[in-house]
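A.B. asks: any chance you could fold what I've pasted below:
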Amino acid sequence: MEAVWLIGCFVVLLLLGAPIGVCLGVCGVGAMFAFDLGYALIPQNVVSGIASFPLLAIPFFVLAGVILEKAGLAARIARFFELLVGRVAGGLAMVAVLTCMFWGALSGSGPATTAAVGLILIGPMTRHGYDRHFAAGLIANASDLSIIIPPSIAFIIYGSLVDDVSVGALFVAGIVPGLLIGAAIMAVAWWLSWRRGYRGVRAQGSFREILTALKESIWALLAPVIILGGIYLGIFVPTEAAVVAVFYSLFVAVVVYRSIRLRDLPRVFVDAAVLSSVIMFIVAFAGVFSTAVSTLGITDQLAQGIIRVAPTPLVMILLVNLLLLGLGMFLDAISISYLVIPLLVPVLRALGIDPLWYGVIFVTALAIGQTTPPVGVNLFAAANLVDGDVDRVARNVVPYVLTSVAVLVVLSLFPALSTWLPRVAGLVGS
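C.D. replies: Below you'll find the predicted structure:
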């Protein structure tokens, strides 16, 4: 009865168009009152949901990404890649994927990457003959890599909910899978561009031009190296790395490029605060919802049901992948994490599944969901950039989504692709 009430409340509010944070909060608080679960503890649950040291990294990484976006570093990265590969068939398409990969390593957010890269590259792509919906769909899909290639907000949330794995190890574990998916998307983008007759840009960068572009973009390219290198070497933990990223981005924006003036900083801080508050609002009330679900015993019942249906780790992983891909059509990655991870933790332990390996699979499935209709956040961000039809943009992402799903299956079959690098780095036991 309690499960029916909770699920029914959530679905009704969702269908009415309520924001996901409101759905979680209303259902969670309502259940605490309706079933006498100790509603006096609601404020404590809200605070404890966000008063987490690993989660402190989220607003700092968001702030660093906003600063670097305002500094105009995405344009410099795109120019560097254009000089490298822009002349080949589908060159600008590959430039878009490469830029999304590197910009994702700075922002950690799919919609933010879609907006930043789309504003820079959709115009040049359409001027060189690319269909604007094709360009928007490609950038929307490539921006999925933002939550796989570290630093990743999704990995931070997963690490905060699963005690058996560190965020630093998850960051490093996401590198190889992120590069694999990026390479697969580039291959599909080249093939589609070649079939459609999308040629490269006429200008071919000379060695001097490439070197100059590298010098101009080196500060952006060094950011993920500094963040991951510090974690890899044990100099700082991910939360401290987020603070380092903020000071580094301020130095680059204010001192090196001088593209942000001191009087611009209040506006930058406000923009970052708004983005962070949206995330933390969901986090806070997802904690209340999770507490209600756990106290009512719904989590244990569902976990036992999954174990009965999927007695082997591989079957469980493949079935949950289907569930995540389905949920990704309607919910955002953060909401799915708080709804599903508490359910999966006892299943992972019961089946002996490595939480580090599964963390990469989980976040990869969430990333794919960012471009699956009808509620793919990257799709709407990209469609807004081209004043286009979301359905037409969605049709153009289908080949990339299928490719990403194929890589997801490979990651599910071969754990070493996710765990090898963290073990080499000494972040997990051998």
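
A.B. asks: just give me the neighbour total for V410.
C.D. replies: The tally of other residues near V410 (other Cβ atoms under 10 Å) stands at 14. The way it works is simple: take the backbone N, C-alpha and C, and place the C-beta from them, glycine included.

A.B. asks: how about L331?
C.D. replies: 21.

A.B. asks: where does it sit: helix, strand or coil?
C.D. replies: coil (DSSP: H, G, I helix; E, B strand; the rest coil).

A.B. asks: hmm, L339 and it touching each other?
C.D. replies: Yes: using Cβ atoms under 8 Å, L331 is in contact with L339, at 7.5 Å.

A.B. asks: test my guess that I210 contacts F80.
C.D. replies: Yes: counting by Cβ under 8 Å, F80 is a contact partner of I210 at 7.4 Å.

A.B. asks: so for the two, which residue has more residues nearby?
C.D. replies: The neighbour count for I210 versus F80, taken as other Cβ under 10 Å, is higher for F80 (26 against 15).

A.B. asks: would you mind writing the CA trace of stretch 411-429 as PDB?
C.D. replies: The C-alpha coordinates for stretch 411-429 follow below in PDB (Å, rounded to 0.1, in the frame of the first residue of the first chain):
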ATOM      1  CA  LEU A 411      31.800  -1.900 -20.600                       C
ATOM      2  CA  SER A 412      29.300  -4.200 -19.000                       C
ATOM      3  CA  LEU A 413      31.100  -7.300 -20.400                       C
ATOM      4  CA  PHE A 414      34.700  -6.200 -19.700                       C
ATOM      5  CA  PRO A 415      35.200  -4.700 -16.200                       C
ATOM      6  CA  ALA A 416      38.900  -4.100 -16.800                       C
ATOM      7  CA  LEU A 417      38.100  -1.200 -19.200                       C
ATOM      8  CA  SER A 418      36.800   0.700 -16.100                       C
ATOM      9  CA  THR A 419      39.000  -0.700 -13.300                       C
ATOM     10  CA  TRP A 420      42.400  -1.000 -14.900                       C
ATOM     11  CA  LEU A 421      43.500   2.600 -14.700                       C
ATOM     12  CA  PRO A 422      42.400   3.200 -11.100                       C
ATOM     13  CA  ARG A 423      44.300   0.100 -10.100                       C
ATOM     14  CA  VAL A 424      47.400   1.300 -11.900                       C
ATOM     15  CA  ALA A 425      47.100   4.600 -10.200                       C
ATOM     16  CA  GLY A 426      46.900   2.900  -6.800                       C
ATOM     17  CA  LEU A 427      43.500   4.300  -6.000                       C
ATOM     18  CA  VAL A 428      42.000   0.900  -5.400                       C
ATOM     19  CA  GLY A 429      43.400  -2.400  -4.300                       C
END
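
A.B. asks: in it, what counts as buried?
C.D. replies: Within stretch 411-429, the residues scored as buried using 16 or more other Cβ atoms under 10 Å are L411, S412, P415, L417, S418, T419, L421, P422, R423, A425, L427, V428.

A.B. asks: so who does T295 touch?
C.D. replies: Neighbouring residues of T295 by Cβ atoms under 8 Å, 6 or more residues apart in numbering: L37, G38.

A.B. asks: tell me the contacts of V246?
C.D. replies: Here V246 is in contact with F60, L63, A64, I67 (Cβ under 8 Å, 6+ apart).

A.B. asks: if we ignore the residues flanking it in sequence, what's nearest the first one?
C.D. replies: I take that to be F60. Computed as Cβ to Cβ, 6 or more residues apart in numbering, the closest residue to F60 that is not its neighbour in sequence is A242, at 3.5 Å.

A.B. asks: quick check: next helix or strand after the host helix or strand of that neighbour?
C.D. replies: Assessed by DSSP states H and E, A242 sits inside helix 238-250. Remark: after helix 238-250, the chain's next helix or strand is helix 265-295, criterion DSSP H and E.

A.B. asks: pull out the buried positions in that following helix.
C.D. replies: So for helix 265-295, counting by 16+ other Cβ under 10 Å, buried means 268, 271-272, 275-276, 279-293, 295.

A.B. asks: could I have the helix holding A242 exported to PDB, CA atoms only?
C.D. replies: Taking C-alpha atoms only, helix 238-250 is exported to PDB below (Å, rounded to 0.1, in the frame of the first residue of the first chain):
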ATOM      1  CA  PRO A 238      38.300  15.600  -5.200                       C
ATOM      2  CA  THR A 239      36.600  18.200  -3.000                       C
ATOM      3  CA  GLU A 240      39.900  20.000  -2.600                       C
ATOM      4  CA  ALA A 241      40.500  19.600  -6.300                       C
ATOM      5  CA  ALA A 242      37.300  21.500  -6.900                       C
ATOM      6  CA  VAL A 243      38.600  24.400  -4.900                       C
ATOM      7  CA  VAL A 244      41.900  24.300  -6.800                       C
ATOM      8  CA  ALA A 245      39.900  24.300 -10.000                       C
ATOM      9  CA  VAL A 246      38.100  27.500  -8.900                       C
ATOM     10  CA  PHE A 247      41.400  29.400  -8.100                       C
ATOM     11  CA  TYR A 248      43.000  28.100 -11.300                       C
ATOM     12  CA  SER A 249      40.000  29.300 -13.400                       C
ATOM     13  CA  LEU A 250      40.000  32.700 -11.700                       C
END
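
A.B. asks: surely I368 touches L408?
C.D. replies: Yes: in this structure, I368 is within contact of L408 by Cβ under 8 Å, at 6.8 Å.
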